[in-house]
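Visitor: based on what follows, work out the 3D shape:
(one chain, ligands or ions: 3)
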Amino acid sequence: MSQSDADRVYIFDTTLRDGEQSPGASMTLEEKLRIAEVLEAMHVDVIEAGFAIASNGDFECVQAIAKQIQNSSICSLARAALGDIDRAAEALKGAANGRIHTFIATSPLHMEYKLQMQPDEVIEAIHKSVSHARNLIPNVEWSAEDATRTEIDFLCKAVETAIRAGATTINLPDTVGYATPDEYAEMFRSVIARVPDADKAIFSTHCHNDLGLAVANSLAGIAGGARQVECTINGIGERAGNAAMEEIVMAIKTRGDVLPYHTGIETKEIMRASRLVSTVTGFSVQNNKSIVGANAFAHESGIHQDGMLKNAETYEIMTPESVGVTKTTLVMGKHSGRHAFADKLKELGYQLGDNAFHDCFRRFKELGDRKKNIYDEDIIALVDDEVATASNRFQLVRVNTYSSSDGKAVSDITISDAGDDKSVVVYGSGPVDAAFNAIKTVTGMEPHLQLFQVHAVTQGTDAQAECTVRLEENGRTVNGQGAHEDTVTAAARAYISAVNKLLVKREKTAPEALTA
Ligand SMILES: CC(=O)SCCNC(=O)CCNC(=O)[C@H](O)C(C)(C)COP(=O)(O)OP(=O)(O)OC[C@H]1O[C@@H](n2cnc3c(N)ncnc32)[C@H](O)[C@@H]1OP(=O)(O)O
Ligand SMILES: CC(C)C(=O)C(=O)O
Ligand SMILES: [Mg+2]
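Guide: Ligands and ions are numbered 1, 2, ... in the order given. Coordinates of the predicted model:
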């Protein structure tokens, strides 16, 4: 597809200004610099580094970023006040390409109650502030705060004033996230059509997410003629946040057929930027967040996993690599099917016969019903356990234990002895002791317990326990392993596995075996 300059959408990142306005998201100078460096590496066109008049700290941040970053324009916000504009210009002195972003509200509500100014006074303030900024710097952006609740005639008059005074970018924000996509697109079309010299400025969107429409509105604004989008990494920002940069950029990249625009963003840096912003602000990214959420490229359902293994395009509309995610994850869980389980076993280095595979898959599904997250370690433990015990004479069918803090426990156990189920109820000084006593009763074996060890395979209270039991009988020593998320069951499996090994040793060292 050919890409013309008319279709180029400029990305204006305001993570460090509007993003920082999220309660609790304050950043230090060093943190802002680190984020600015990543934004520059992403080829962001404009970085709004702060609001220079807000505090000395904000001034120093804008100043430091302006000096450090060479390949993106650096911008400072300023009210329609000469002092704000002078402070912004001072902070931007070292910038390779600095921009002053001055704004004033234009909606009746904001003008009457907040600014307590008459519309004519606002027009006068626009003229004065933009002209003043333009005398200090050639790159001036003007914003009509609360544009989407502004009367269209007055909005056109305000925009015309700003362009006449020298604004090179005109931003029409949906400050309170009130607009719908059709309305927002129509506002741009109307203003661009009606304002003389509208073509002398680039129009910009700035959308908030109060109704969850920030990205949809931004894209609608582009359709209406805007060519700059103001957005933040992870969509952080005032109240419900700003439009998320990663979503806008990837929507444009992925749906070029219906969104015939292009940005200069290096999308492979998206994940790095997202992680950094999340770490610095302490705002974790929800798992199901588009593009950068932990589940954005993860699949657990068997049907989806099967599709993914056959052709990733069945369930992924963009590649994980394109946004800097190393690879797709097929999450193993109760919704997974045989294809994904077989693929996982292959990845873990197992080659099982049909019967062993069938048994492992059954146990995996059972585990999935009981356990939320199934990790590779769980599958390894499960398969090792299954493989080790598959041909054994004694198999654990079921164990129920009851114990109390006064040191009494009882084990109700059923063990298959070459296919014949035998059940006993036996006491012990604790649940594991009771289970081991019960096994001894069923098997008729009385080996000496040399070692009993338990460790958790993964983390969390639903982690599988992996037990090792070492038994000794007439100088023969064997180790047995067992895994289960119920520790007593894991211990019983380990004990039975060791007992089976002892049986094999007994047979191998029996007089007839020795003479054979
Ligand atoms: C939609 C947006 O995101 S706008 C940006 C919001 N961001 C911030 O406010 C963060 C940084 N802000 C600050 O640090 C402070 O608010 C400052 C330094 C800007 C101003 O602080 P203060 O002088 O103490 O004023 P305060 O914040 O209490 O009130 C804001 C004043 O600015 C006026 N004001 C608001 N917007 C504008 C504007 N665009 N142009 C001119 N004046 C404005 C208000 O009417 C009010 O004026 P008043 O003091 O005459 O009543
Ligand atoms: C300052 C302006 C651009 C703003 O953040 C808004 O209107 O939301
Ligand atoms: Mg905003």
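
Visitor: interface residues of the stretch 151-300 of the chain facing ligand 1?
Guide: Counting by Cβ under 6 Å from any ligand atom, the residues of the stretch 151-300 of the chain close to ligand 1 are 175, 238. Bear in mind the C-beta positions are built from the backbone N, C-alpha and C, glycine included.

Visitor: how about the helices in the stretch 151-300 of the chain?
Guide: Ranges of helices in the stretch 151-300 of the chain, per DSSP state H, counting those that start in this stretch, are 152-165, 181-194, 214-223, 245-254, 270-281.

Visitor: now the stretch 401-516 of the chain
Guide: Secondary structure of the stretch 401-516 of the chain (DSSP H, counting those that start in this stretch): helices at 431-443, 487-508, 511-515.

Visitor: in JSON lines: the helices of the stretch 151-300 of the chain, plus mean neighbour count, distance to Lys327 and mean pLDDT.
Guide: Converted to JSON lines, the helices of the stretch 151-300 of the chain look like this (neighbours: other Cβ atoms under 10 Å; distance: least, Cβ to Cβ, whole Å; pLDDT from 0 to 100):
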{"stretch": "helix 152-165", "mean neighbour count": "20", "distance to Lys327": "47", "mean pLDDT": "98"}
{"stretch": "helix 181-194", "mean neighbour count": "18", "distance to Lys327": "34", "mean pLDDT": "98"}
{"stretch": "helix 214-223", "mean neighbour count": "25", "distance to Lys327": "26", "mean pLDDT": "98"}
{"stretch": "helix 245-254", "mean neighbour count": "23", "distance to Lys327": "17", "mean pLDDT": "98"}
{"stretch": "helix 270-281", "mean neighbour count": "20", "distance to Lys327": "12", "mean pLDDT": "94"}
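
Visitor: output these as TSV; include the columns distance to ligand 2.
Guide: Listed next are those as TSV, based on distance: least, Cβ to the nearest ligand atom, whole Å:
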stretch	distance to ligand 2
helix 152-165	13
helix 181-194	13
helix 214-223	10
helix 245-254	15
helix 270-281	17
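
Visitor: just to revisit the earlier point, out of the helices of the stretch 401-516 of the chain, the one nearest ligand 2 is which?
Guide: helix 487-508 (55.1 Å; Cβ to the nearest ligand atom).

Visitor: output that closest one as CSV, nothing but the C-alphas.
Guide: What follows is helix 487-508, C-alpha atoms only, in CSV (Å, rounded to 0.1, in the frame of the first residue of the first chain):
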residue,chain,number,x,y,z
THR,A,487,0.4,-33.4,50.2
VAL,A,488,-0.8,-36.7,51.8
THR,A,489,-1.8,-38.1,48.4
ALA,A,490,1.7,-37.1,47.1
ALA,A,491,3.3,-38.8,50.1
ALA,A,492,1.2,-41.9,49.6
ARG,A,493,2.1,-42.0,45.9
ALA,A,494,5.8,-41.7,46.8
TYR,A,495,5.6,-44.5,49.3
ILE,A,496,3.7,-46.8,47.0
SER,A,497,6.2,-46.0,44.2
ALA,A,498,9.1,-47.0,46.5
VAL,A,499,7.3,-50.2,47.6
ASN,A,500,6.8,-51.2,44.0
LYS,A,501,10.6,-50.6,43.4
LEU,A,502,11.4,-52.8,46.4
LEU,A,503,9.2,-55.5,44.9
VAL,A,504,11.2,-55.3,41.6
LYS,A,505,14.5,-55.5,43.6
ARG,A,506,13.2,-58.4,45.6
GLU,A,507,12.4,-60.3,42.4
LYS,A,508,15.7,-59.4,40.8
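
Visitor: can you give me the buried ones in that helix?
Guide: 487-503, 505 (16 or more other Cβ atoms under 10 Å).

Visitor: that one packs against which elements?
Guide: Here helix 487-508 touches helix 376-389, strand 394-403, strand 409-417, helix 431-443, strand 448-456, strand 465-473, strand 476-484, going by 3 or more Cβ pairs under 8 Å, 6 or more residues apart in numbering; DSSP states H and E.

Visitor: ok and the fourth one relative to strand 448-456, angle-wise?
Guide: Put plainly, it is helix 431-443. Relative orientation of helix 431-443 versus strand 448-456 (axes from the mean of the first three to the mean of the last three Cα atoms, to 10 degrees): 130 degrees.

Visitor: can you check the first one too?
Guide: For the pair helix 376-389 and strand 448-456, the angle between their directions (the same axes, to 10 degrees) equals 150 degrees.

Visitor: what angle separates helix 376-389 from strand 476-484?
Guide: Using the same axes, to 10 degrees: helix 376-389 against strand 476-484 is 130 degrees.

Visitor: ditto for the second one
Guide: Computed with the same axes, to 10 degrees, the direction of strand 394-403 lies at 70 degrees from that of strand 476-484.

Visitor: try the fifth one
Guide: Counting by the same axes, to 10 degrees, strand 448-456 points 30 degrees away from the direction of strand 476-484.

Visitor: what's the offset of strand 448-456 from the middle of its chain?
Guide: When distances are taken as Cα atoms, centre = their mean, to the nearest Å, strand 448-456 is centred 40 Å away from the chain's centroid.

Visitor: now do stretch 160-174: distance from first to last residue.
Guide: Terminal residues of stretch 160-174 lie 19 Å apart, using Cα to Cα, to the nearest Å.

Visitor: what's the answer for stretch 411-429, then?
Guide: 11 Å.

Visitor: stretch 22-37 now?
Guide: End-to-end for stretch 22-37, by Cα to Cα: 21 Å.

Visitor: returning to what we had before: mind checking the helices of the stretch 151-300 of the chain for the one nearest to Val442?
Guide: Of all the helices of the stretch 151-300 of the chain, helix 270-281 sits nearest to Val442, with 53.8 Å by Cβ to Cβ.

Visitor: buried ones in stretch 253-265?
Guide: For stretch 253-265, the buried set under the neighbour-count rule, 16+ other Cβ under 10 Å, comprises 253, 259, 261-263, 265.

Visitor: picking up where we left off before, in CSV, list the helices and strands packed on helix 487-508 along with mean neighbour count.
Guide: Putting the helices and strands packed on helix 487-508 into CSV (neighbours: other Cβ atoms under 10 Å) gives the following:
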stretch, mean neighbour count
helix 376-389, 19
strand 394-403, 18
strand 409-417, 20
helix 431-443, 22
strand 448-456, 13
strand 465-473, 21
strand 476-484, 21
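
Visitor: can you say which of those is nearest to ligand 2?
Guide: Counting by Cβ to the nearest ligand atom, ligand 2 lies closest to helix 376-389 out of the helices and strands packed on helix 487-508; the figure is 45.5 Å.

Visitor: residues from the protein in reach of ligand 1?
Guide: Residues of the chain lying close to ligand 1 by Cβ under 6 Å from any ligand atom are 18, 21, 51, 53-54, 79-81, 103-104, 114-115, 145, 175, 238.

Visitor: give me the subset of these that lies in strands.
Guide: Per DSSP state E, strands hold the following members of the residues of the chain next to ligand 1: 79, 103-104, 145.
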